[in-house]
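Q: generate a structure from the sequence data that follows.
(one chain, ligands or ions: 2)
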Amino acid sequence: MTSGAEAYIGLMSGTSMDGIDAVLVRLDPAPRILQTHQHPWPESLRAQLRRAAAGEPMSTAGLARLDSLAGEVFAEAAAVLAGAYPGRIRAIGSHGQTLAHAPGDRPGHSLQIGNPAIIAERTGITTVADFRRRDIAAGGQGAPLVPAFHAATLRHPGENRVILNIGGIANISVLPADPAAPVTGFDTGPGNCLMDAWMLASHGEAYDSDGRFAAAGRIHPELLQTLLSDPYFAAPAPKSTGTDYFSPAWLQERLAAHPGVAPEDVQATLLALSARSIAEAIRRLSLRTQRVLVCGGGVHNPELMTALSEALDCPVESTATAGMDPDWVEAAAFAWLARQTLLGRPGNLPDVTGARGPRVLGAIHPSDGGI
Ligand SMILES: Nc1ncnc2c1ncn2[C@@H]1O[C@H](COP(=O)(O)OP(=O)(O)O)[C@@H](O)[C@H]1O
Ligand SMILES: [Mg+2]
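A: Ligands and ions are numbered 1, 2, ... in the order given. Next up, the predicted model:
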């Protein structure tokens, strides 16, 4: 890093809760990843977060405590990177851990925990957090928020691109080659979350490594039809969803209508559900997609990547081919969003979230306590 250059830390833990992605990036003139760190959730805390995200009842005091416990772990994750660059980090952008996301309720709401005051206090670095709430207050979905970053870094004047992030939930950013055309995007539905949930239920494992369990099964056409008939898939954008909707309970209710499907066939069908719902969302776009660039953990599932390629008639590749490591794009986006906030620039795209207008997102917790 050249002297005087500013670096930012992005902290992201998605709905998969596979760990905290921490990334140190330089954003000017173009994003460059300087260092990365995957920080594990302590097992007991992860279990509590999972229960809370699944909507299990919990006391108010318990929730407040969980918020601070998670904040300490996010701070630890940031400190690992900050230690390598003392005094050189402008800010941390922390997404937090989503426990609830219902922007369409009245009133709309979304809750990310991981007390950012603790992150600022422990690291001594200005921390920006709580990015989704302002967009929701302005009538938006509060999600997805990464398209503005995708547009700033992965848009290409020579081709219409879709950036596909396959985390627990899958979301797309639509980047037209025409610079005058608006960037759009939305959550397409489940990415890995249902496959992960089924793997946990049937094997006690966090995910289906390389899609091998799915590959051992066969798609059950009637079950797939039942799953695809959920109204979320056909609903128009703007839209966003979460694992509180596409939950293990959602799956169990639908499996009840198809008793006796072999476990590996369920997994194969869930993989097909993700691939087809994503492909269908991309095919329905008004512009002709020329390339799909994939990031997020789903890019490591070769069965899913093959199913996507088969369902789409354009190249489907990792964002690595465009110079961005697919495992760190989302965390880098929150570093970028923190910078937007500090510069007084909007982080949302109203064409994506449906908000009434562009908004500066997040709450700023100054490094020195504001003194
Ligand atoms: N080798 C792999 N094979 C299959 N799935 C994988 C592999 N590596 C990662 N994944 C999937 O990626 C998920 C994590 O993706 P991630 O982008 O971190 O999601 P989130 O943003 O929800 O945390 C895992 O839960 C798993 O489903
Ligand atoms: Mg993750």
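Q: count of neighbours near the residue of the stretch 201-350 of the chain found nearest ligand 2?
A: Residue nearest to ligand 2 within the stretch 201-350 of the chain (CB to the ion): residue 297, separated by 6.0 Å. In this view, the C-beta of every residue, glycine as well, is placed from N, C-alpha and C. Residue 297: 22 surrounding residues under other CB atoms under 10 Å.
Q: so what's it up against?
A: Going by CB atoms under 8 Å, 6 or more residues apart in numbering, residue 297 touches 16, 18, 166, 167, 192, 207, 327.
Q: look at residue 222 and give its secondary structure.
A: State at residue 222, reduced to three classes by DSSP: H, G, I helix; E, B strand; the rest coil: helix.
Q: I'd like the distance between the closest residue to it other than its chain neighbours and residue 21.
A: Residue nearest to residue 222 in three dimensions, not counting chain neighbours: residue 258, with 6.2 Å by CB to CB, 6 or more residues apart in numbering. Distance of residue 258 to residue 21, given as CB to CB, to the nearest Å: 36 Å.
Q: who has more neighbours, these two?
A: residue 21 (24 against 17).
Q: and that one, what are its phi and psi?
A: phi -90, psi 120 (degrees, to the nearest 10).
Q: buried stuff in the lengthiest helix in the chain?
A: Ranked by residue count and defined by DSSP state H, the top helix of the chain is helix 60-82. Within helix 60-82, the residues scored as buried using 16 or more other CB atoms under 10 Å are 66-67, 69-82.
Q: now, the contacts of residue 297 that are in strands?
A: Using DSSP state E, the members of those that fall in strands are residue 166.
Q: how is this protein partitioned into domains?
A: 7-144+328-365, 155-322 (automatic domain parsing).
Q: how about the ones you listed in CSV, adding mean pLDDT and distance to residue 371?
A: Formatted as CSV, the domains of the chain follow (pLDDT from 0 to 100; distance: least, CB to CB, whole Å):
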stretch, mean pLDDT, distance to residue 371
domain 7-144+328-365, 97, 12
domain 155-322, 97, 38
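Q: near ligand 1, which residues of this protein?
A: Residues of the chain lying close to ligand 1 by CB under 6 Å from any ligand atom are 14-16, 18, 167-168, 192, 196, 207-211, 296-298, 300-301, 330.
Q: now the buried members of these.
A: Members of these classed as buried by 16+ other CB under 10 Å are 14-16, 18, 167-168, 192, 196, 207-208, 211, 296-298, 300-301, 330.
Q: backbone phi and psi for residue 220, please?
A: phi -100, psi 100.
Q: can you pull the contacts of it?
A: Applying CB under 8 Å, 6+ apart, the residues near residue 220 are 258, 261, 265, 266, 268, 269.
Q: repeat for residue 48
A: Residue 48 touches 66, 69, counting by CB under 8 Å, 6+ apart.
Q: what residues of the host helix or strand of it count as buried?
A: Using DSSP states H and E, residue 48 maps to helix 43-53. Neighbour counts over helix 43-53 (16+ other CB under 10 Å) mark 45, 46, 48, 49, 50, 52, 53 as buried.
Q: now do the helices in the stretch 201-350 of the chain.
A: Applying DSSP state H, counting those that start in this stretch to the stretch 201-350 of the chain gives helices spanning 212-215, 221-228, 231-234, 248-255, 263-283, 302-311, 329-342, 350-353.
Q: just say which of the ones you listed is most tucked in.
A: helix 329-342 (a mean of 26; mean count of other CB atoms under 10 Å).
Q: quickly check: that helix near ligand 2 or not.
A: No. Using CB under 5 Å from the ion, helix 329-342 stays clear of ligand 2, with a minimum separation of 7.8 Å.
Q: show me the contacts for residue 168.
A: 14, 15, 16, 17, 190, 191, 192, 193, 196, 243.
Q: the last one: what's it in contact with?
A: The one in question is residue 243. Counted by CB under 8 Å, 6+ apart, residue 243 has contacts 15, 53, 54, 168, 169, 193.
Q: phi and psi next, for the closest residue to it other than its chain neighbours.
A: The shortest distance from residue 243 to any non-neighbouring residue, by CB to CB, 6+ apart, is to residue 15 (4.4 Å). Main-chain torsions, residue 15, degrees, to the nearest 10: phi -70, psi -20.
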